[in-house]
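Participant: Fold the following for me, if possible:
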Amino acid sequence: MNGSVGKEKLMVEVVAAHNLMPKDGEGSSSPFVEVEFENQRQRTQVKTKDLNPIWNEKLVFHINDVADLPYRTIEVNVFNERRSSNSRNFLGKVRVSGSSIAKEGEETPQMYTLDKRSLFSHIRGEITLKLYVSSREHVKVKVKDDGVPVVVSASASAPLSSKKKKMQHQNQNPALVVQQQQQLLQDNNKPSSQQGSNHAKPVDPHPGELKPVVITTGPSPAVPVAGVGGGGMSLYSNFGSNEFSLKETSPHLGGGPLNKDKTSSTYDLVEQMQYLYVRVVKARDISLFGGGEIAAEVKLGNYRGVTKRVSSNPNHADWGQVFAFSKDCIQSSMVEVFVKEGNKDDFLGRVWFDLNEVPRRVPPDSQLAPQWHRMEDKKGEKFKGEVMLSIWFGTQADEAFAEAWHSKAANVHFDGLSSIKSKVYLSPKLWYLSVSVIEAQDVVLGDKGSTLVRYPELSAKLQVGNQVSRTRVSAATPNRSLSNPFWSEDFLFVVAEPFEDYLLVSVEDRVGPGRDEVVGRVLLPVAAIERRSDDKQVVSRWFNLDNHFGNSAEAKLVTRFGSRIHLRVSLDGGYHVLDEATMYSSDVRPTAKQLWKPHIGVLEMGILGATGLMPVKIKEGKGGTTDAYCVAKYGQKWVRTRTVVDSLSPKWNEQYTWEVYDPCTVITIGVFDNCRTDKNMITNAARDSRIGKVRIRLSTLECDRVYTHSYPLLMLHTSGVKKMGELHLAVRFSCANMGNMLHMYTLPLLPKMHYVQPLSVNQLESLRYQAMNVVSSRLSRAEPPLGREVVEYMLDHDSHMWSMRRSKANFFRLMNVISGIVAMSRWVECMRNWTKPVYSSLFVATFLLLVALPELIIPAMLLCMAIMGLWRYRFRPRYPPHMDTRLSHAESVYPDELDEEFDSFPTSRSAEVVRMRYDRLRSVAGRIQTVVGDMATQGERFQALLSWRDPRATFLFVIFCLFAAVGFYTVPLRVVVALWGLYALRPPRFRSKLPSRALSFFRRLPTKADSLL
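Facilitator: Below you'll find the predicted structure:
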């Protein structure tokens, strides 16, 4: 094993095995362990005639990249050595995920149940291992013939020949082995905070023997739980400042450098995942007495997939379903397909296939044609019944992957199967509906029979779906009658294609407090409204008001008279309808498609997986778990990965593509827990839990570079910031034409209409909330639905809410921006103080040079900025930005401030808490009030120079301006600037500590603060 000293190594300590299967024909076995990791293979010594062997050997493996370790697996195989035939028998295997490897000093012995290699393997027993990562050079202890232990470097542990291993085993000191075993058992009996996993339990045997431990059967490895939440003891859960940092990874994208094939061209940003696909199409000639329902069952080892039940009519059944079995979970060498009647256990027919004979299909090859296969009955004899199916090995690039039933979803109930599949959603195209309510004519009031003379209070109410707006009450004017109200107000609504809503405009008369009477209305279909893509106003129109609601007889009597309303209605396609926060916008194109420009590039993202997720729910018999899926949103395209059931380290390996129209946009990726996989949790109020969110700004990415990083998933709770896991992504931004992209930086960010007819900040915020409601209602009608809680979290619906923490973060961001100006002023003050005479002399000389040659000032400034930019190119950020807890002030926030941030609106807290927060807000606002007042004071002093509020001060300033005008006319400007600079930069010994006369004069000027109450 070659490797430089000090680099991180994977330590696999093979402790012992228990209750192995005898394979030598004499009631025993001579076992040894072979461990394979990243094309490195090492083995232990052979324990002759021992079904409960104890090795206590450390095997050291070189790690190419520690950040890549969660994507790797360690293969541990136990064999029996047959000396007579120089061969070996298989005794069992264990596959350990790299995400469960601990750090040095935190490792604990873990007992794993030995798995079968095929369906016909006879395996039993358990093996105890220690796996951890170390940066020190470890050693392994060997025993010489005289029983003296010899220290041998672990890095030089090459496999020994069988003769040498046999001699070492025969001459090994048994006392030393027993001593090592007792020491191991004493260590295991000590209490450890890392114990308590649901998949494996630490070894706790009595001295001198190893007792079997009950372990949950299944393909998942033993993962010990550490810390709170049971996220798993992982090497990547760093502590301190690195816990929330971004980490670079090196996954084997596209199958790795040695496995390039056709799949890599389309799925080159994800790791290849091998699947066994079985497509069951239909069956025929099934002899079923009395009719009934028929179902097909696909069985592979311990996994079973059952099709829907269909009626045989006549003796014919159609299913058309696909089953996908992950290659990591295959525990059998054959796959069986049964045709059964309803819920009965007995099968009507059976077909089986040897996995070694299954073909491999690679897209873009056409799909494998299904074939008819004659089935066997219970006696193994062929009969007339046939089933049409196809079977092949493929990857996640296969067309059948998205709609297939996956083996890892075997425990999901039927109603939840549709919610675990990967889907692509498209947001509806949003339009601004502009309505100008100008006036109405001949409005007939409703209280004709009333004897009281009342002044009508007429207003117009507009409603589109759930959006309601109202004009003000029409004011009385001398040149208009009471039945002709005038408003001239503009309103904006958000509507979505296809247009299914109606615009309802009603004129109402307020007849009492809180009681309005409708005196006329008009209903306009949104689909019939005129569209525009520029700032040209559409022609206004008069619409007849219907004031006979459902009374057709009265409507026929009055035919020569009708009330009218004057409206200007249009669908504005020149705006971009913002449905997300402006700073996180993923699309800035206008609504009208004819205004779109060609795309400038392509964004490709491979959603690889997540590690170290916190369990967010508890399932019966499984403890804390997570059913995680990922949602990515960019532009109108939303993608949702499949749900990986019962996994704290899910692997999705799904790749998606978006067209990019503007580089200064942001893609948002969120991770959620699917609540619909558990039948007991499906209710109308069931909500998918948030796990974390990642934002990536495209302008921070280099073109055609693949970024592979693990992003921390951070969530802010009432108890503080918490890391929920890490999301592994592979991102590539490809640019078609660099000139077009650079040209985009010179164009306005938003469409033209936002500048020709700008909308106010309050309007944009209100319309954004309406747009978010429209999008969430449309996406919730899809199958599977994208819940409102998911859409709101992805669109940052609460970004406008008050938060003391955010206020602090924004204040310190502002201070960081002006820190450069402050540093520059301090540097100039240092030059004025002459603390470094040489630098001050050079500064004065440079100042005089620029005064003498003023044409060099602007070129010198631009040259300095260019040189500074070129110098900082060496220190440019190499990673995309991520959530910064220190910038967000999430690490040093007070608990009460967090409770205030998570409070509802309006508040639900007690009166004392609200009073305390109000007093705190008053103190903060008092400081802001003081700062604003000081700024206003300085501005008012400038105004007082010529206001004659203080006549003597204004007289002095006017006289000074007259003399200064004459002086500046006679003396050249360069001389004045040079003299002023030399005066300001004079050494401190020639300066007085008192403020200057000009500053003293300015501070004496009056302000309006004297007039404040």
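Participant: for the chain, which helix is longest?
Facilitator: helix 911-943 (DSSP state H).
Participant: I'd guessed residue 79 sits against residue 32; true?
Facilitator: Yes: the pair residue 79 and residue 32 passes the contact test of C-beta atoms under 8 Å, sitting 6.0 Å apart. Placement of C-beta: from N, CA and C, glycine included.
Participant: Distance of residue 783 relative to residue 1000?
Facilitator: 77 Å (C-beta to C-beta, to the nearest Å).
Participant: Please apply the same query to residue 77.
Facilitator: With C-beta to C-beta as the criterion, residue 77 and residue 1000 are 90 Å apart.
Participant: who's more crowded, those two?
Facilitator: residue 77 (20 against 10; other C-beta atoms under 10 Å).
Participant: Just to be sure, that one is in a strand?
Facilitator: Yes: counting by DSSP: H, G, I helix; E, B strand; the rest coil, residue 77 falls inside a strand.
Participant: Wait, it touches residue 93, no?
Facilitator: Yes: when contacts are counted by C-beta under 8 Å, residue 77 is listed as touching residue 93 (4.7 Å).
Participant: residue boundaries of the helices in the stretch 201-350 of the chain?
Facilitator: 263-266 (DSSP state H, counting those that start in this stretch).
Participant: can you map out the strands along it?
Facilitator: For the stretch 201-350 of the chain, the strands defined by DSSP state E, counting those that start in this stretch cover 247-248, 275-284, 293-300, 303-306, 310-311, 316-326, 334-341, 347-354.
Participant: Give me the phi and psi angles of residue 602.
Facilitator: phi -130, psi 130 (degrees, to the nearest 10).
Participant: how about it, what does it touch?
Facilitator: 657-660, 733-734, 736 (C-beta atoms under 8 Å, 6 or more residues apart in numbering).
Participant: Please determine how far it is located from residue 714.
Facilitator: 29 Å.
Participant: State the phi and psi torsions of residue 380.
Facilitator: Dihedral angles for residue 380 - degrees, to the nearest 10 - are phi 90, psi 10.
Participant: Can you report how many residues lie near it?
Facilitator: 7.
Participant: The one 10 residues further on too?
Facilitator: A count of nearby residues for residue 390, using other C-beta under 10 Å, gives 19.
Participant: In the chain, which strand is the longest?
Facilitator: strand 720-735 (DSSP state E).
Participant: From the contact counts, what lies against it?
Facilitator: strand 601-611, strand 666-673, strand 689-697, strand 706-717 (3 or more C-beta pairs under 8 Å, 6 or more residues apart in numbering; DSSP states H and E).
Participant: Pull out the buried residues from the third one.
Facilitator: Okay, so that is strand 689-697. Applying a neighbour-count criterion of 16 or more other C-beta atoms under 10 Å, one finds 689-696 buried in strand 689-697.
Participant: and which of these is nearest to residue 900?
Facilitator: Closest approach between those and residue 900, by C-beta to C-beta: residue 690, at 19.7 Å.
Participant: Is that closest one in contact with residue 714, as I believe?
Facilitator: No: Residue 690 is beyond contact range of residue 714, at 10.9 Å (criterion: C-beta under 8 Å).
Participant: Against residue 810, how distant is the nearest residue to residue 813 once chain neighbours are set aside?
Facilitator: Excluding its sequence neighbours, the residue lying closest to residue 813 (C-beta to C-beta, 6 or more residues apart in numbering) is residue 887, at 7.5 Å. Using C-beta to C-beta, residue 887 is found at 10 Å from residue 810.
Participant: show me what contacts residue 653?
Facilitator: Neighbours of residue 653 in contact, by C-beta under 8 Å, 6+ apart: 270-273, 396, 606-609.
Participant: what do you get for residue 81?
Facilitator: Per C-beta under 8 Å, 6+ apart, neighbours of residue 81: 30-32, 46, 88, 162.
Participant: mind redoing it with 10 Å?
Facilitator: Residues in contact with residue 81, defined by C-beta atoms under 10 Å, 6 or more residues apart in numbering, are 23-24, 29-32, 46-48, 87-89, 162, 165-166.
Participant: buried subset of those?
Facilitator: 23-24, 29-32, 46-48, 88-89, 165-166.
Participant: want to try a markdown table for these, with secondary structure and distance to residue 55 as columns?
Facilitator: Shown next, in a markdown table, are these (DSSP: H, G, I helix; E, B strand; the rest coil; distance: C-beta to C-beta, whole Å):
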| residue | secondary structure | distance to residue 55 |
| --- | --- | --- |
| 23 | coil | 18 |
| 24 | coil | 18 |
| 29 | coil | 14 |
| 30 | coil | 13 |
| 31 | strand | 9 |
| 32 | strand | 8 |
| 46 | coil | 10 |
| 47 | coil | 7 |
| 48 | coil | 13 |
| 88 | strand | 16 |
| 89 | strand | 18 |
| 165 | helix | 12 |
| 166 | helix | 15 |
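Participant: of all these, which comes closest to residue 883?
Facilitator: residue 32 (48.3 Å).
Participant: Flag the shaky bits of the stretch 101-250 of the chain, pLDDT-wise.
Facilitator: 119-120, 136-242 (pLDDT under 70).
Participant: Is residue 878 in contact with residue 707, as I believe?
Facilitator: Yes: shown here, residue 878 and residue 707 form a contact pair, counting by C-beta atoms under 10 Å, at 9.3 Å.
Participant: between those two, what contacts are shared?
Facilitator: Joint contacts of residue 878 and residue 707 (C-beta under 10 Å, 6+ apart) are residue 248.
Participant: List the contacts of the residue nearest to residue 485 when sequence neighbours are not counted.
Facilitator: Computed as C-beta to C-beta, 6+ apart, the closest residue to residue 485 that is not its neighbour in sequence is residue 474, at 3.3 Å. By C-beta under 10 Å, 6+ apart, residue 474 lies in contact with 439-440, 443, 456-460, 480, 482, 484-487, 507.
Participant: Hmm, residue 771 and residue 465 touching each other?
Facilitator: No: counting by C-beta under 10 Å, residue 465 stays clear of residue 771, with 12.0 Å between them.
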